[in-house]
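S.K.: 3D model of this:
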Amino acid sequence: MLLRKFLVSVFVAGTLAASAASAATIKTLHQFAGPGRDGTPTGGLATDGTGMLYGVTSDGGYSATSSCLMYGCGTIFSVDPSTGKFTTIHRFTDAEGTVPVGPLVPDGAGGFYGVTSGGGSICGAGPQSIYRFDVATRKVTVLYYIELGEMGVFTAAPVLVKGALYGKSSGSGILGSAYKFDLATRTLSVIDSPTSGRTPAGGIFTCSVSPGYHFDPSVAADKDGRIYGAASNGRLFRIDPATNRIAGVHALTAKDGGGLSGPLTAAADGTLYGTTAVGGICCVIASGQSSSDCNEIFKFDPALSQFTVLHRFCSGDNLSDPEGTTALSPNGKFLYGLTLTGGPQRLGALYRLDVETQAFAILHDFTGGADGAIGDFGVPGLKFSRGSLFGTTIRGGKGYGTVFQVVP
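M.R.: This is a model prediction of the structure:
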């Protein structure tokens, strides 16, 4: 899988851990046991209409007949936010696809849509799949198989808009594709791709320099159903589902960090929030500019096509490098997120930003002890449910990640 950053954390189950300067406490709800057991979480959490939390693991769910051998092909799990109870509710098989990618996409009808990044005869190296998971029956139904080379690799979740899934794929040697999957007809169409012949010069996913890596955050939809995302060359794009046309809406500069460090977060009023990553890639590198000076928390107003910086993290500060999925409070006033570095030991921090006043506060400094630390190669995730903030890590606990709750 083509993931960029991992969140490394060490928690003690059933305990609370916080540094002296913290304004919040971290409570561990579950410690993952890794491959062959309950797996390693990936992509964060999703909620259904009741507030129950659901997620996927990229491995785990061992089966003696699986091509994934001792590792397992991945699982779907649930967490009750009221009790903290964790349950593995589905184990993927070869036929369903392997190495699922999170977060899951709620369908509003008792199920979730999702994608896998591998499958077939060799775990992680065969056809990918688009699937639906029914919570009541705990069964996966494959809606579409994608052969290798058809459109790259799924490394991020899609979004559901007007009966279709929209998303972005990536893969070695290409810059990715924007796609639409029609749920009624079960047909897949590529909207923009550097290899499809449909991308004119200067297209959304084109670049004269091959990137050193691909980082592909999930797309997001505004209140009017238009889809927004970012290409590997640092360009924010918009897809109009009425026309299936794609257009660039803003080009991130080297000072912005060059690319997103996590998925965009959509507010109820249609405003999009996001963070930029350390080190610009692709065309930003080609410009010769330094891309590690500043990273940002920003908002984008789709109605005005207006990009506004809300907070800057600079490389000379003790706090920098925002990471992973941000989460808006239920009242839309605060944006919560994580950083790769920060705190006395520079092991990461949990922050809160007032989106109206732009007041910035550190809620918790990770210490690398019971509360863990933030590290490379993965996407940490935050999600509100029933008024509380929850998240996942990729390491820590028993060594393979945790589900945690943030207690104010």
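S.K.: pLDDT weak spots in the stretch 151-300 of the chain?
M.R.: Along the stretch 151-300 of the chain, segments meeting pLDDT under 70 span 151, 171-176, 192-217, 232-233, 254-258, 278-294.
S.K.: count the residues that sit near the nearest residue to Gln31 once chain neighbours are set aside.
M.R.: Nearest non-adjacent residue to Gln31, counting by Cβ to Cβ, 6 or more residues apart in numbering: Gly397, 3.0 Å away. Placement of C-beta: from N, CA and C, glycine included. A count of neighbours around Gly397, defined by other Cβ atoms under 10 Å, yields 22.
S.K.: quick check: Gly397 touching Phe32?
M.R.: Yes. Taking Cβ atoms under 8 Å as the definition, Gly397 is a contact partner of Phe32 at 6.3 Å.
S.K.: okay, the closest residue to Ser261 other than its chain neighbours and Asp321: tell me how far apart.
M.R.: Excluding its sequence neighbours, the residue lying closest to Ser261 (Cβ to Cβ, 6+ apart) is Ala277, at 3.7 Å. Using Cβ to Cβ, to the nearest Å, we find Ala277 at a distance of 8 Å from Asp321.
S.K.: any common contacting residues for those two?
M.R.: Residues within reach of Ala277 and of Asp321 at once, by Cβ atoms under 8 Å, 6 or more residues apart in numbering, are Ser261, Asn295.
S.K.: those helices in the protein, which residues are they?
M.R.: Using DSSP state H, the helices of the chain run over 283-286.
S.K.: neighbours of the residue nearest to Ser261, how many?
M.R.: Neighbourhood size, Ala277 [other Cβ under 10 Å]: 27.
S.K.: with Leu335 instead?
M.R.: Residues near Leu335, counting by other Cβ under 10 Å, number 25.
S.K.: not counting sequence-adjacent ones, nearest residue to it?
M.R.: Distance criterion Cβ to Cβ, 6+ apart; nearest residue to Leu335, sequence neighbours excluded, is Leu353 at 4.6 Å.
S.K.: touching, that neighbour and Thr339? I think so.
M.R.: No. In this structure Leu353 lies outside contact range of Thr339 using Cβ under 8 Å: 11.7 Å.
S.K.: neighbour count: the two, which is higher?
M.R.: Ranked by neighbour count (other Cβ under 10 Å), Leu353 and Thr339 place Thr339 first, with 27 against 21.
S.K.: state the pLDDT value of that one.
M.R.: In this model, Thr339 is scored at 80, pLDDT.
S.K.: please look at it and Glu323 and confirm they touch.
M.R.: Yes. At 6.2 Å, Thr339 counts as touching Glu323 under the criterion of Cβ under 8 Å.
S.K.: which ones are touching Pro322?
M.R.: Neighbouring residues of Pro322 by Cβ under 8 Å, 6+ apart: 261-262, 275-276, 295-297, 313, 337-340, 351.
S.K.: ok, so of the residues you listed, who is nearest Asp134?
M.R.: Gly262 (28.8 Å; Cβ to Cβ).
S.K.: tally up the residues packed near the closest residue to that closest one other than its chain neighbours, please.
M.R.: Using Cβ to Cβ, 6+ apart and skipping the chain neighbours, the partner closest in space to Gly262 is Gly324 (4.5 Å). Taking other Cβ under 10 Å as the criterion, the count of residues near Gly324 is 29.
S.K.: do the one 10 residues further on as well
M.R.: If you count neighbours by other Cβ under 10 Å, Phe334 ends up with 18.
S.K.: next: Ala361.
M.R.: Residues near Ala361, counting by other Cβ under 10 Å, number 12.
S.K.: verify the stated contact: it with Ala23.
M.R.: Yes. Assessed by Cβ under 8 Å, Ala361 is found in contact with Ala23 at 6.9 Å.
S.K.: if I look at the most centrally placed residue in the chain, how far off is Leu382?
M.R.: In the chain, the residue lying closest to the centroid (Cα atoms, centre = their mean) is Gly43, at 4.6 Å. Distance, Gly43 to Leu382, using Cβ to Cβ: 12 Å.
S.K.: go on, Glu147?
M.R.: Per Cβ to Cβ, Glu147 is found 34 Å from Leu382.
S.K.: those two: who's more crowded?
M.R.: Taking other Cβ under 10 Å, Glu147 and Leu382 do not tie; Leu382 has more neighbours (24 against 10).
S.K.: what sits closest to that one if chain neighbours are left out?
M.R.: Ala327 (4.0 Å).
S.K.: residues near the one you found, how many?
M.R.: With other Cβ under 10 Å as criterion, Ala327 counts 24.
S.K.: again with Thr88
M.R.: 16.
S.K.: one step back: what about the residue lying closest to the residue nearest to the centre of the chain once chain neighbours are set aside, neighbour count?
M.R.: Residue nearest to Gly43 in three dimensions, not counting chain neighbours: Gly102, with 2.3 Å by Cβ to Cβ, 6+ apart. Other residues within reach of Gly102, judged by other Cβ under 10 Å, total 28.
S.K.: again, but for Asp224
M.R.: 12.
S.K.: hang on, it packs against Asp269?
M.R.: No. Between Asp224 and Asp269 there is no contact under Cβ under 8 Å: 11.0 Å.
S.K.: for Phe298, see how far away Gly43 is.
M.R.: From Gly43 over to Phe298 (counting by Cβ to Cβ), the distance is 22 Å.
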